[in-house]
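Asker: kindly generate the corresponding structure for this input.
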Amino acid sequence: MKKTKTPQFSVAGKKRSALQQMETYFQFHDLTNSKNRLNNIVNYAVKKNSWIKEEPSDLFHFRQSMKSLVRAGYRITLKENKWEADDPKENATPLLLGSLSEKEYRNPLLVFKKAFSEYSVREFDYFMSGMIYSSLGVYDSVPEKNIVSPYIHLTKMLDAAHLILERRSRK
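Answerer: You can find the predicted model right below:
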């Protein structure tokens, strides 16, 4: 069996860890605004005779940032034995859970495992590209593939990544 290497994502020639990529994402994007923007993109992609009113360059930047976040989540799943899953002792209130289940809240790595067991990194990239393309113009037809499941996975990934970083900063 041939051994495959973990892809190295770099910025200006420097290798960055998955946590650093997630931190960078949340330095530029707020969790609530990211979820709202993703929701708007998907809503406008399926609406007929309407398009999103945001600047296309902002949407492209958001797509690139989401692409980086998805890749960081993928890298975490590859190195899952090195990551600790914090199991908080307190009970999670519905407000804290966000889009996560109680089990996912206790172990946010489950979100990434489940997402990448159903879809590949390329499929998430294709989804984001297609949704942004469809939201920027007026089209007679809606996107042909299932858009609900990748959307839910991306929303949960945002919550899980934010939770992982929040727990790491507490330590």
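
Asker: how near is Gln20 to Met128?
Answerer: Going from Gln20 to Met128 by CB to CB, to the nearest Å gives 21 Å. C-beta coordinates here come from the backbone N, C-alpha and C atoms, glycine included.

Asker: so for those two, which sits in the more crowded spot?
Answerer: Remark: of Gln20 and Met128, Met128 carries more neighbours, 22 against 14, as counted by other CB atoms under 10 Å.

Asker: helices or strands next to the host helix or strand of that one in the packing?
Answerer: Met128 belongs to helix 121-135 when assigned by DSSP states H and E. In terms of contacts (3 or more CB pairs under 8 Å, 6 or more residues apart in numbering; DSSP states H and E), helix 121-135 is packed against helix 31-46, helix 56-78, helix 148-170.

Asker: which one of these lies nearest to Thr24?
Answerer: helix 56-78 (7.4 Å; CB to CB).

Asker: export the closest one to CSV, keeping only CA atoms.
Answerer: Provided in CSV are the C-alpha atoms of helix 56-78 (Å, rounded to 0.1, in the frame of the first residue of the first chain):
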residue,chain,number,x,y,z
PRO,A,56,-18.3,39.9,-5.8
SER,A,57,-14.7,40.4,-4.5
ASP,A,58,-16.0,40.1,-0.9
LEU,A,59,-17.7,36.9,-1.8
PHE,A,60,-14.6,35.6,-3.5
HIS,A,61,-12.6,36.4,-0.4
PHE,A,62,-15.2,34.6,1.8
ARG,A,63,-15.0,31.6,-0.5
GLN,A,64,-11.2,31.4,-0.2
SER,A,65,-11.4,31.8,3.5
MET,A,66,-14.0,29.0,3.8
LYS,A,67,-11.8,26.8,1.5
SER,A,68,-8.9,27.3,4.0
LEU,A,69,-11.1,26.5,7.0
VAL,A,70,-12.4,23.3,5.3
ARG,A,71,-8.8,22.2,4.6
ALA,A,72,-7.8,23.0,8.2
GLY,A,73,-10.7,20.8,9.4
TYR,A,74,-9.6,18.0,7.0
ARG,A,75,-6.0,18.2,8.4
ILE,A,76,-7.4,17.9,11.9
THR,A,77,-9.2,14.7,11.0
LEU,A,78,-6.0,13.3,9.6
